[in-house]
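Trainee: this one's sequence-less:
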């Protein structure tokens, strides 16, 4: 008589083949003395790797070679989507420290996972607003189980500001603000931060604006951050030479020396600086003893050491030396101009 076999374990199902335990020990009873040999054998049908059927059979054999057996059906069906093992917790970073997109790793029965879709949703709008980056994955294993995962990166925007300072004259002409920008992104817009000014693109014309300080700004996106150039310009009138007030006596120039030697320099006693005023010059020149050696009531910047007929003496030329002049601007209301003039040949 064959040994009396115990009841077989209940049929059971697992997700992964690796979860299937080894066959447990079962004990049979026999009406005769002697040992009973127990053997456990698994017959595996893996025609469908996503639905494996294992028939586990225990056979009990007594000393007389009588045997009995029981079987258990173990089903291995992978119906669960792959599980991401990366830490996909939210990340909080500055815009200049955004991490790389992680490479996903999975816990899955098949160890054969394909990422079928990846999407990055970046809300950066090119302003100084903070923003989010959302990474989303879709993946499937070889049994067709589909899973998804996502991670959010919260980004704080950082604006890197470069300041440029310059002083320009209002008569310098149109200023191209890009002359102060050392980046390569020309897609931004220059704006006026301070000062009553109007821009034509990047051009600023200082002619006609109030003298003083102006600030202009140019901001562009730079790898998820901002890059700003601020240009501080002081507009002045240093390059403008103002004309002398009409007939201002401070601008009258009178020769200090006359050297009529033919070298074209200091050939004549000259009065200049107010030619446009139309004054008539009355000129008297005296020697060191007070004798008048030259006089004219309508001087034409033509005295070179000659003695006028109205002067004392008979010589045509006066000797080298220092002389004294009196210049009167007729009908000007100005006091006569007086001073010394040197006459020589060198």
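Mentor: Okay, I see it. Bear in mind the structure is a predicted one, so any value in this text is a computation, not a measurement. Residues are numbered from 1 along each chain as shown.
Trainee: going by C-alpha atoms from here, please, whenever you check contacts or count neighbours.
Mentor: Will do.
Trainee: and residue 55, how far from residue 110?
Mentor: According to Cα to Cα, to the nearest Å, residue 55 stands 21 Å off from residue 110.
Trainee: one more: residue 137?
Mentor: In this view, residue 137 and residue 110 are 19 Å apart by Cα to Cα.
Trainee: also residue 129?
Mentor: To residue 110, residue 129 is 44 Å away according to Cα to Cα.
Trainee: please apply the same query to residue 210.
Mentor: To residue 110, residue 210 is 77 Å away according to Cα to Cα.
Trainee: nearest residue to the spatially most central residue of the chain in space, please, no chain neighbours.
Mentor: With distances taken as Cα atoms, centre = their mean, residue 227 lies nearest the centre of the chain, 2.9 Å away. Excluding the flanking residues, the one nearest residue 227 by Cα to Cα, 6 or more residues apart in numbering is residue 160, at 4.9 Å.
Trainee: helix or strand: which one has the one you found?
Mentor: strand 159-169 (DSSP states H and E).
Trainee: can you show me the strands along the stretch 101-250 of the chain?
Mentor: Assigned by DSSP state E, counting those that start in this stretch, the stretch 101-250 of the chain shows strands spanning 106-107, 113-122, 131-141, 146-156, 159-169, 175-176, 190-194, 199-200, 203-204, 212-222, 225-236.
Trainee: isn't residue 167 right up against residue 231?
Mentor: No. Counting by Cα atoms under 8 Å, residue 167 does not reach residue 231; the two are 10.6 Å apart.
Trainee: okay, now the domains of this protein?
Mentor: Domain assignment for the chain by automatic domain parsing gives 12-77, 83-156, 159-236, 249-343.
Trainee: what's the closest of those to residue 4?
Mentor: domain 12-77 (5.0 Å; Cα to Cα).
Trainee: how long is that closest one end to end?
Mentor: End-to-end span of domain 12-77 (Cα to Cα): 11 Å.
Trainee: gap between residue 199 and residue 176?
Mentor: For residue 199 relative to residue 176 (Cα to Cα), the value is 10 Å.
Trainee: got it, and residue 82?
Mentor: Distance from residue 82 to residue 176, counting by Cα to Cα: 59 Å.
Trainee: so the two - more neighbours on which side?
Mentor: Neighbour comparison, residue 82 and residue 176: the larger count goes to residue 82, with 24 against 15 (by other Cα atoms under 10 Å).
Trainee: which residue ranges of this structure form helices?
Mentor: Ranges of helices in the chain, per DSSP state H: none exist.
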